[in-house]
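Undergrad: Predicted model and sequence below, questions to follow.
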Amino acid sequence: MNKIDKFDRKILELLQRQGRITNQKLAEQVGLSTAPCWRRVNRLEQDGVIARYVALLDRERFGLSVMVYVHVSLTDHHTATLEQFDTFVDGSDNILECYTVSGEYDYLIRVVAAGVKELEVFLMEKLLRIPAVRTANTSFVLKEKKYTTALPV
């Protein structure tokens, strides 16, 4: 991987905020001509620094007004147990993020639902019915103070 310089950092900052910016506008804002700017973006993509481009959707426009964080503890840490939980996570559209964590719990997941009833069904009829899951403690998001996907580059 090539070293990331000040031009690369500026490109990455702008692309994180404006993923659909044209190469011409990007080059102007970074202070490069279009060809070198395009080559830098291409290199950053090839090197895996830019992992992918996405459209971020407003969850509430899709009726997903409930968001919770769930701390999950597993019954044990055997391979079959971990695979069972991983399979559930991979197959659940309601789970937006899942992290293995240190401390009292094994996982932290971020879940969205259309309402409390849908969340209850997710928790009681899906998550807690997995034999691998021992406990799940839920924290409701009351108000979103900050949400960003931009990394400090």
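TA: Everything's here; your move. Numbering: from 1, shown residues only.
Undergrad: Which strand residues bridge the residue most central in space within the chain?
TA: For the chain, residue 97 is the residue whose C-alpha lies nearest the centre (Cα atoms, centre = their mean; 5.4 Å). Counting by DSSP bridges, residue 97 forms beta bridges with residue 110.
Undergrad: wait, isn't it in contact with residue 109?
TA: Yes. Residue 97 is within contact range of residue 109, at 6.6 Å (criterion: Cβ atoms under 8 Å). From N, CA and C alone the C-beta is placed, and that goes for glycine too.
Undergrad: distance from the centroid: which residue in the chain tops it?
TA: residue 33 (33.0 Å).
Undergrad: List the contacts of that one.
TA: Residue 33 is in contact with residue 27, counting by Cβ atoms under 8 Å, 6 or more residues apart in numbering.
Undergrad: do that again at 10 Å, thanks
TA: Contacts for residue 33 (Cβ atoms under 10 Å, 6 or more residues apart in numbering) come out as 24, 27.
Undergrad: How about residue 141?
TA: By Cβ under 10 Å, 6+ apart, the contact list for residue 141 reads 66, 67, 68, 69, 110, 111, 112.
Undergrad: same thing but 6 Å
TA: Residues in contact with residue 141 (Cβ atoms under 6 Å, 6 or more residues apart in numbering) are residue 67.
Undergrad: Let me know the pLDDT of it.
TA: You'll see residue 141 listed with a pLDDT of 98.
Undergrad: any idea how far residue 119 is from it?
TA: Residue 141 is 11 Å from residue 119, where distance means Cβ to Cβ, to the nearest Å.
Undergrad: what does the model give residue 1 for pLDDT?
TA: In this model, residue 1 is scored at 70, pLDDT.
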